[in-house]
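Visitor: fold the following, please.
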Amino acid sequence: MAALEATIHVQGPKGSREIAIGDFHLLPGSTPNRETVLEPGDLITYVSLPPPKAGSKQAYLKLRDRASYEFALASAAIVITLAGGNVTYARIAMAE
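Guide: Numbering: from 1, shown residues only. The predicted structure follows:
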């Protein structure tokens with residue numbers, strides 16, 4: 001969702017709001033007990049993705065220890081647009 005620039009839509013006690021995926025997760029910092037910007041009572045109602053950029057290509061790769069494991073040890077998602085042999089847009093998201 002990060003490589004595709006998703007928007008998370010939230011409904012909570014203070015009303016509805018939209019959160020860009022890049023702003024959704026928190027770094028540990030002084031609040032290691034919090035992983036996201038969600039407040040008590042917030043509910044994610046849906047996630048939206050913008051239309052793909054014209055001419056873009058996307059790929060997702062997940063590395064697993066064995067085929068029987070459902071979870072990835074590492075993964076990467078890439079969105080790239082080329083024009084005339086030059087990269088004009090790129091988004092890369094990786095997780096371990």
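Visitor: now what about the strand or helix carrying residue 93, what contacts it?
Guide: Counting by DSSP states H and E, the element that carries residue 93 is strand 86-95. Contacts of strand 86-95 with the rest of the structure, by CB atoms under 8 Å, 6 or more residues apart in numbering, involve 1-5, 53, 56, 72, 74-82. Where you see a C-beta, it was placed from the backbone N, CA and C, and this is true even at glycine.
Visitor: rerun at 6 Å
Guide: 2, 3, 53, 75, 76, 77, 78, 79, 80, 81 (CB atoms under 6 Å, 6 or more residues apart in numbering).
Visitor: in it, what's buried?
Guide: Going by neighbour count (16 or more other CB atoms under 10 Å), the buried part of strand 86-95 is 91, 93.
Visitor: same thing with stretch 9-25?
Guide: In stretch 9-25, counting by 16+ other CB under 10 Å, buried: 10, 19, 21, 24.
Visitor: closest one to residue 41 out of those residues, please.
Guide: residue 10 (10.1 Å; CB to CB).
Visitor: can you verify my assumption that the closest one contacts residue 46?
Guide: No. Counting by CB atoms under 6 Å, residue 10 stays clear of residue 46, with 9.5 Å between them.
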